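**Q** Sequence and predicted structure below; questions after.
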Amino acid sequence: MRSTDETRDRIRQRLEAIAAGGRVDRPATAWGRVEQAEPVPDPGDDDPGLHAPEWLTEQAAPARPRLSPGRGGVMALAAVALVAAVIGGLMAWRDRPVARAVEPVPVVSTESPGQQGDAPTPAPTPAEPAAAPPPAELVVSVVGLVRTAGLVHLPAGARIADALAAAGGARDGADLLGLNLAQRLSDGDQVLVGLAPRDGEPVTVGSATIGAGPAAAGTARPPGQAAPGRVNLNTATEAELDGLPGVGPVTAAAITAWRQANGRFTDVEQLGEVDGIGPARLEKLRALVAV
C-alpha cells in the first residue's frame, strides 16, 4: 500500500513538472547525493486508473507548412481577376436597356350608319337688325274738334296735351275725358278729338288715340269699338269681363265699379288701378282687352 502511495506521488510530481515546462528534481538523500529514481512498477491491468492519459503519451503532430504562392502566383491571380472583371463588364454592357421609339398607334373611329359622311354645316343665323334710334322729332296728326287740325311737329317724348296745344287747343264741346292727356306719343300717331255726349245721350263720336304701329294699319275702327277677339273695357258687361282668364265675378265687378267712378278707360294700363289686378294679371290681360 505504501509503494502505491509513493507511486502516485511521483506521478503527480511528474505531471506538475510537465505542465510547468520543467523537469522533475529527484529528492536528495541525506548524504547530498541524488538517488536514482526507481522504476515505476507496472501494476498491470488490475488497476486501470493508474495508467497515464493518452494525451500525455501522444506526440504533437508536426505543423503543416504554409503554401506560399510566390511572385508568379500573385501575378497569375491578378490576371485571372482582371479577365473576370472584363468579362463581367462586357456582359453588363450587352444587357443594358436600349430606348426605342414607340410606333404611333392608328386612330380608329367608330361611326354609326346614320353618322357617316360629313355632318351638314348649320346655316349662319342672320343677325337681328339693330333697333332704329328714336327720331329727334315727332310728326303727329291731330283731327276733330281742334282749332287747327292737321300735322304738328313735336319733340321726342311729347304727350297728347302737347299735340292739342300745337293744334291751337280743343274747341268747345270737345270730349277730353276720352283722352289720356299724359300719354306719350310716337312718330305717326293720330289724335282724334270727338264730341262730348250730352246728358242722357249715347256717345256718337268719342275721342281716341290711334297709334302708328301694326295694330293701327288698315281701316281705322270707330271710337269705342274694340279689335276683333278683344273685350272693350268701356262697353263690356260683368258677364263678358268674367269670361276673361284670371278674372272672376269679384274682379269683374271691381272693373265696372272703377268705370263708374272714373269714367271711361283711356289706356289698358289703367287696369292696374283696379282692386285685385296686379302686374302679373295685367300682363296676361293686355293682349285680350282694348279701350
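**A** Received, thanks.
**Q** Report pLDDT for the residue nearest to Gly211 when sequence neighbours are not counted.
**A** Setting aside the residues directly before and after it, Gly211 is nearest to Asp189 in space (CB to CB, 6 or more residues apart in numbering), at 5.5 Å. From N, CA and C alone the C-beta is placed, and that goes for glycine too. Asp189 is assigned a predicted lDDT (pLDDT) of 90.
**Q** mind listing what Asp189 touches?
**A** By CB atoms under 8 Å, 6 or more residues apart in numbering, the contact set of Asp189 is Leu138, Val140, Ser141, Thr209, Ile210, Gly211, Ala212.
**Q** okay, these in JSON lines with pLDDT, secondary structure and distance to Arg264 next?
**A** Shown next, in JSON lines, are the contacts of Asp189 (pLDDT from 0 to 100; DSSP: H, G, I helix; E, B strand; the rest coil; distance: CB to CB, whole Å):
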{"residue": "Leu138", "pLDDT": "92", "secondary structure": "strand", "distance to Arg264": "25"}
{"residue": "Val140", "pLDDT": "93", "secondary structure": "strand", "distance to Arg264": "22"}
{"residue": "Ser141", "pLDDT": "91", "secondary structure": "strand", "distance to Arg264": "22"}
{"residue": "Thr209", "pLDDT": "76", "secondary structure": "strand", "distance to Arg264": "13"}
{"residue": "Ile210", "pLDDT": "78", "secondary structure": "strand", "distance to Arg264": "16"}
{"residue": "Gly211", "pLDDT": "71", "secondary structure": "coil", "distance to Arg264": "18"}
{"residue": "Ala212", "pLDDT": "64", "secondary structure": "coil", "distance to Arg264": "22"}
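**Q** and those, which two are the farthest apart?
**A** Leu138 and Ile210 (14.5 Å; CB to CB).
**Q** Which one of those two is surrounded by more residues?
**A** Between Leu138 and Ile210, Leu138 has the larger neighbour count (other CB atoms under 10 Å), namely 21 against 17.
**Q** Check which element follows the helix or strand harbouring Ala261 along the chain.
**A** Ala261 belongs to helix 249-262 when assigned by DSSP states H and E. The helix or strand immediately downstream of helix 249-262 is helix 279-285, counting by DSSP H and E.
**Q** Provide the secondary structure category for Asp162.
**A** Following DSSP: H, G, I helix; E, B strand; the rest coil, Asp162 is assigned to helix.
**Q** Quick one: residues contacting it.
**A** Leu154, Leu185.
**Q** and the nearest residue to Pro249 once chain neighbours are set aside, what is it in contact with?
**A** Spatial nearest neighbour of Pro249, chain neighbours left out: Asp242 (5.5 Å); criterion: CB to CB, 6+ apart. The neighbours of Asp242, taking CB under 8 Å, 6+ apart as the test, are Gly248, Pro249, Ala252.
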